[in-house]
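K.L.:
Provide a 3D model corresponding to the input given below.
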Amino acid sequence: MTTTMETMHIRCAGFGAAVDSYTRDEGDLWFLSMLGNQQSVRALWARLLKHEPAVISDDALSGGRYCTLAPQALGEWRFHATRLPITGATHAMLVPGAALYASERQDFLLLARTDAEAPGLHYRFLSRRIDLPLHPSWSGWLWERGLASGEVRPLDALGIHAWRCVPDPEALQAALGRALRGHRIPVPADELANAA
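P.N.:
Residues are numbered from 1 along each chain as shown. Coordinates of the predicted model:
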């Protein structure tokens, strides 16, 4: 049984490449994985970093939607490229600093292979970025609360699942206090043992 991978195309200033994965919020491009000849891939990278508009479409030659790299991430982009040995093509990814676990930014971009991975990843990224004691057993509650409050927003994506996360520590602290007092989330047993 063979599976086909859905691809799009990106064009900018006469250069083009196939896109196997991207994430965007309206016209802001937050993540890009592309495949093409080395010259085109590197030219697209350079043009995008100069904030030139590109077009992503399902047709290599026409149509599509304009996009530029997300202005909130300018100056923080990582470019990873590798040549594929059999084809000679270049596979490259543009990843913003906000998608990296070790980033010092409070906001973050959550990239996951599946929806099921999202709550656990969200907990890890959130726990690293805010100064509140969070417990791993609360990951489902934290995820649902983030979606309901708008602090976690799903993004338009292809080949990956993506959310833009902009935590509000004060609102989270208040909600966490209410949830603990209302017994909607458990107090971890090890914390109860230490309190006794």
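
K.L.:
C-alpha from now on. contacts and neighbour counts both.
P.N.:
Noted.

K.L.:
partners of residue 111 in the sheet?
P.N.:
Beta-bridge partners recorded for residue 111 (DSSP bridges): residue 162.

K.L.:
could you measure it against residue 187, distance?
P.N.:
Shown here: residue 111 relative to residue 187, a distance of 29 Å by C-alpha to C-alpha, to the nearest Å.

K.L.:
before we move on, what about residue 30?
P.N.:
36 Å.

K.L.:
the more surrounded of these two?
P.N.:
residue 30 (29 against 14; other C-alpha atoms under 10 Å).

K.L.:
if I look at that one, how far off is residue 71?
P.N.:
9 Å.

K.L.:
Residue 172 now?
P.N.:
Counting by C-alpha to C-alpha - residue 172 and residue 71 are separated by 26 Å.

K.L.:
out of those two, which sits in the busier spot?
P.N.:
Set residue 172 next to residue 71 and count neighbours by other C-alpha under 10 Å: residue 172 wins out with 18 against 11.

K.L.:
Report how many residues lie close to the residue nearest to residue 96 when sequence neighbours are not counted.
P.N.:
Among residues not flanking residue 96 along the chain, residue 77 sits closest, at 4.3 Å (C-alpha to C-alpha, 6 or more residues apart in numbering). Neighbours of residue 77 under the rule other C-alpha under 10 Å: 19.

K.L.:
Residue 77: what's it in contact with?
P.N.:
For residue 77, the contact set (C-alpha atoms under 8 Å, 6 or more residues apart in numbering) comprises 94-97.

K.L.:
wait, residue 59 sits on residue 9?
P.N.:
Yes: the pair residue 59 / residue 9 is scored as a contact, 6.5 Å apart, by C-alpha atoms under 8 Å.

K.L.:
before we move on, back to that, possible to save the contacts of residue 77 as CSV with distance to residue 157, pLDDT and secondary structure?
P.N.:
Below are the contacts of residue 77 laid out as CSV (distance: C-alpha to C-alpha, whole Å; pLDDT from 0 to 100; DSSP: H, G, I helix; E, B strand; the rest coil):
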residue, distance to residue 157, pLDDT, secondary structure
94, 14, 95, strand
95, 14, 96, strand
96, 15, 96, strand
97, 18, 94, helix
